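Q: kindly return the folded structure for what I paste below:
(chains A and B)
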Amino acid sequence: MKIQTKITLLFTLLCTSIIAALSFAVYFFTYQNASQDFYIRLELRAVIAARANLQQNGDTVAFKEVREQHMQRLPNEREYIIRTDTLKNGMKSQLFHEVPADFISSVISQHKASYRSNYDFYQGILYSIDGKDYLIVVAAYNTFLKDFLYNLRHILLIGSALCILVVLSVGLIFSRQTMAPVRLIARQVQRITATSLHKRLTVKKGKDEIAVLTDTFNDLLSRLETAFDTQNNFVSNASHELNTPLTAIIGEADYALARQRSAEEYRQALGIVVQQGEKLQHITQSLVQLARSGFTESLVMQKVLVWELLYNAKQHVHSVYSQCTIQLDAGLLPEHAERLLVNGNQQLLELAVSNVLMNACKYSNSQPVALALAQSSNEVMIIIKDKGIGIPDDELKYIFDPFFRASNVRNISGYGIGLPLTMNVVKLHKGAVEIHSHVGAGTEVIIRLPLA
Amino acid sequence: MKNILVPTDFSVQSLQLVHEIIKRNPQQKLSIYLVHLVQIPTDIADLLFARKRHLYEQVPGKFSQAVEMLKNKYASRINLMGLEFYYGNTPTVVNAIIENRNIDEVYVFADHLYNMPLKQSVDMTNLLNKCKVPVVQVQPKVRTNAPAEAHFFSSLFTEEQPAPQSGKLFQHA
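A: Numbers count the residues shown, from 1 in each chain, chains lettered A, B, ... in the order given. Predicted structure coming up:
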């Protein structure tokens, strides 16, 4: 069953039971207590009956008159007047068949008592006159209460039914509303496939569970995307690296085979083949090492020395672009730079920095690239400035999209993977990448990482 | 201990002067007041409430970050360094600031046209000619007037190599 249906049902069940309990309570207590008023009326009638029948003086007439002219007879109203000392022999009276004996005795002992059998109400009083006690009981059938309860029952039943209907529909709307963000997430996640990993779920503002869930999903996607891009980057770099010696080998072999050569020439050609083959072997070995050491493990976060990070990245870029000079600039270097630490994964951060450095080298026609480290109040900033071709202003916003390449790259080869990868790595470390650029003047990339 | 006034237009490159100040005043603790003058407000609301917060909100984040970076770079040399706004457009105001803050020297770029970042900004360089304290003119490094580049952090680069103690770390890394 869908959670939405479950919530609706549960909500309806809960509300229904509350409504039902309330209705029962209302009905029960009304049934119990609505008759108080009727007893008071009966008591009044009993007193008047006593006055009218037993008083000796002229008031009797007046009371009789009041009774006959002004008091409406109640349905099935009866009155019984019995002298208490004749009680023993008055057992024949109809009253004794209608009411239990303890009612009579409680009237005598407490001077007043009431009794009820279904809708027949009895109110008895003890009336003393001229030293004689009289037991006066007035009884009537309470049609008011009967009608009232009947009405109440109907109102409660219909009301409860309507309430349940309302609760059901409100519950349906309510559960729909509650589950809407979850459905949205599901829909958005469905749209993300291996080729569109750069897409993210729209993040709601706030700290509620759904926002946390969305963030978690986005984090997961970032990690996945980084892994994917790392693989892509790795493959493209690797193929490029492998291609160079292979081309040399093939070229040399082709040249040697083109016609009959002297033994010296063959030796020379084979020497080059061996040399390039060794290079190839070295590359494959280092690739295997790279694959083993870095990207197959899960993300290990540890304290990383930023200095060391920059140094390693610089060395790495040097090994790829040997003609490119990278100058470390002390212009903003904090006093204790060698102690600056960030939390993160050394390999990934090195990859991020070296990607930016490689871009700087690649697009700056072997002009020097400046690399600087700075520290603001709570962040470490790695600033990389080149004097290269720059990025057009209106393309800056796409620069982190995978496979996007600026329009002014001309014949400089590339895959559009480096910067997105850097962005992802830095995002994983809760940092940010900023790019400021001016066409023709160069580009400044700022990598911000929170201080450990 | 020396107090120094530096006019600023909130551009990162205007902070280049800090490097120069440090270089020219070795072995001294420095307090650097980055000052920006604005016109006295004519708006009744501005007159009633001194809304300087309003002004501080318009300062670009990169400038504040650059100030922090420089503070970290010269942590042992700089006593304090911060941005201050003053109202007024006369040399008297400048002298009042100098007196008030016990300023010993003023540093400005030689023949540098300062940008007017706010609509109520005042060009302070013209007001320094009747200044009571020495005004040091510093020849700027190669600089551009393109506003975008004035905010590059790299305009604070000095092209000097890191100190040898960090180099040591490089060697055994």
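Q: wait, B:Thr158 touches A:Leu328, no?
A: No: with contact defined as CB atoms under 8 Å, B:Thr158 does not reach A:Leu328; the gap is 11.3 Å. All C-beta spots, glycine's among them, are computed from the backbone N, C-alpha and C.
Q: low-confidence regions, chain B specifically.
A: Low-confidence segments of chain B, defined by pLDDT under 70: B:50, B:111-113, B:142-149, B:162-173.
Q: which residue lies nearest the spatial centre of it?
A: Centroid-nearest residue in chain B, with CA atoms, centre = their mean: B:Leu34, separated by 3.8 Å.
Q: isn't that one right up against B:Ile4?
A: No: assessed by CB under 8 Å, B:Leu34 is found out of contact with B:Ile4, at 9.7 Å.
Q: contact partners for the residue nearest to the centre of chain B?
A: B:6-8, B:15, B:67, B:81-84 (CB atoms under 8 Å, 6 or more residues apart in numbering or on different chains).
Q: and if you look at A:Asn355?
A: A:233, A:418-419, A:421-422.
Q: with pLDDT and neighbour count as added columns, please give the residues you listed in CSV.
A: Formatted as CSV, the contacts of A:Asn355 follow (pLDDT from 0 to 100; neighbours: other CB atoms under 10 Å in any protein chain shown):
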residue, pLDDT, neighbour count
A:Asn233, 69, 19
A:Gly418, 74, 22
A:Leu419, 81, 22
A:Leu421, 76, 22
A:Thr422, 83, 25
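Q: what's the single longest helix in chain B?
A: Longest helix in chain B by number of residues, with DSSP state H as the criterion: helix B:61-73.
Q: following that helix, which helix or strand shows up next?
A: Counting by DSSP states H and E, the next helix or strand C-terminal to helix B:61-73 is strand B:78-87.
Q: what packs against that following strand?
A: strand B:30-38, helix B:52-56, helix B:61-73, helix B:91-100 (3 or more CB pairs under 8 Å, 6 or more residues apart in numbering or on different chains; DSSP states H and E).
Q: list the contacts of the closest residue to B:Lys130 other than its chain neighbours.
A: Leaving aside its chain neighbours, B:Lys130 sits nearest to B:Pro91 (4.3 Å; criterion: CB to CB, 6 or more residues apart in numbering or on different chains). B:Pro91 makes contacts with B:127-131, as judged by CB under 8 Å, 6+ apart.
Q: as JSON lines, the helices and strands packed on strand B:78-87 with distance to A:Glu395 would be great.
A: Converted to JSON lines, the helices and strands packed on strand B:78-87 look like this (distance: least, CB to CB, whole Å):
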{"stretch": "strand B:30-38", "distance to A:Glu395": "34"}
{"stretch": "helix B:52-56", "distance to A:Glu395": "33"}
{"stretch": "helix B:61-73", "distance to A:Glu395": "21"}
{"stretch": "helix B:91-100", "distance to A:Glu395": "44"}
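Q: out of those, the one nearest A:Leu9 is which?
A: Closest to A:Leu9 of those is helix B:61-73 (CB to CB; 52.9 Å).
Q: what angle separates the closest one from strand B:30-38?
A: 170 degrees (axes from the mean of the first three to the mean of the last three CA atoms, to 10 degrees).
Q: pull out the buried residues from helix B:61-73.
A: For helix B:61-73, a neighbour-count test (16 or more other CB atoms under 10 Å in any protein chain shown) marks B:62-73 as buried.
Q: export those residues to a markdown table and tack on distance to A:Gln347?
A: Output for those, formatted as a markdown table (distance: CB to CB, whole Å):
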| residue | distance to A:Gln347 |
| --- | --- |
| B:Lys62 | 30 |
| B:Phe63 | 35 |
| B:Ser64 | 33 |
| B:Gln65 | 28 |
| B:Ala66 | 31 |
| B:Val67 | 34 |
| B:Glu68 | 29 |
| B:Met69 | 27 |
| B:Leu70 | 32 |
| B:Lys71 | 32 |
| B:Asn72 | 27 |
| B:Lys73 | 29 |
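Q: thinking again about what came up before, of all the helices and strands packed on strand B:78-87, which lies closest to A:Asn411?
A: Short answer: helix B:61-73, nearest of the helices and strands packed on strand B:78-87 by CB to CB, at 33.9 Å.
Q: please see if that closest one touches chain A.
A: Yes: counting by CB under 8 Å from any CB of the partner chain, chain A is contacted by helix B:61-73 at B:65-66, B:68-70, B:72-73.
Q: so what touches that helix?
A: Under CB under 8 Å, 6+ apart, the answer for helix B:61-73 is A:331-335, A:374-377, A:381, B:8, B:10-12, B:15, B:18, B:34, B:78, B:81-83, B:151, B:153, B:156.
Q: how distant is that helix from the center of its chain?
A: Centroid displacement of helix B:61-73 relative to its chain, using CA atoms, centre = their mean, to the nearest Å, is 11 Å.
Q: can you give the domain ranges for chain A?
A: Following automatic domain parsing, one gets these domains for chain A: A:3-32+A:148-184, A:36-141, A:194-224, A:299-452.
Q: among these, which is the most enclosed?
A: Of all the domains of chain A, domain A:299-452 has the most neighbours on average by mean count of other CB atoms under 10 Å in any protein chain shown, namely a mean of 19.
Q: out of the helices and strands packed on strand B:78-87, which gets nearest to A:Thr86?
A: helix B:52-56 (101.7 Å).
Q: one step back: between which two of the residues of helix B:61-73 next to chain A is the distance greatest?
A: Put simply, by CB to CB the two of these set farthest apart are B:Gln65 and B:Lys73, 12.5 Å from each other.
Q: dump stretch B:72-92 to PDB, restricted to CA.
A: Output in PDB follows, covering the C-alpha atoms of stretch B:72-92 (Å, rounded to 0.1, in the frame of the first residue of the first chain):
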ATOM      1  CA  ASN B  72      47.200  37.000   7.700                       C
ATOM      2  CA  LYS B  73      50.200  37.500   5.600                       C
ATOM      3  CA  TYR B  74      51.600  40.300   7.800                       C
ATOM      4  CA  ALA B  75      50.100  39.000  11.000                       C
ATOM      5  CA  SER B  76      53.200  39.900  13.100                       C
ATOM      6  CA  ARG B  77      53.600  43.300  11.500                       C
ATOM      7  CA  ILE B  78      50.100  44.700  11.300                       C
ATOM      8  CA  ASN B  79      48.500  45.900  14.500                       C
ATOM      9  CA  LEU B  80      45.200  46.700  12.900                       C
ATOM     10  CA  MET B  81      44.000  47.300   9.400                       C
ATOM     11  CA  GLY B  82      40.400  48.200   8.500                       C
ATOM     12  CA  LEU B  83      38.100  50.200   6.400                       C
ATOM     13  CA  GLU B  84      36.700  53.500   7.600                       C
ATOM     14  CA  PHE B  85      34.100  55.800   6.000                       C
ATOM     15  CA  TYR B  86      34.200  59.500   6.600                       C
ATOM     16  CA  TYR B  87      31.800  62.200   5.500                       C
ATOM     17  CA  GLY B  88      33.100  65.300   3.900                       C
ATOM     18  CA  ASN B  89      34.900  66.700   0.800                       C
ATOM     19  CA  THR B  90      37.400  69.200   2.100                       C
ATOM     20  CA  PRO B  91      41.000  69.100   3.200                       C
ATOM     21  CA  THR B  92      39.900  70.100   6.700                       C
END
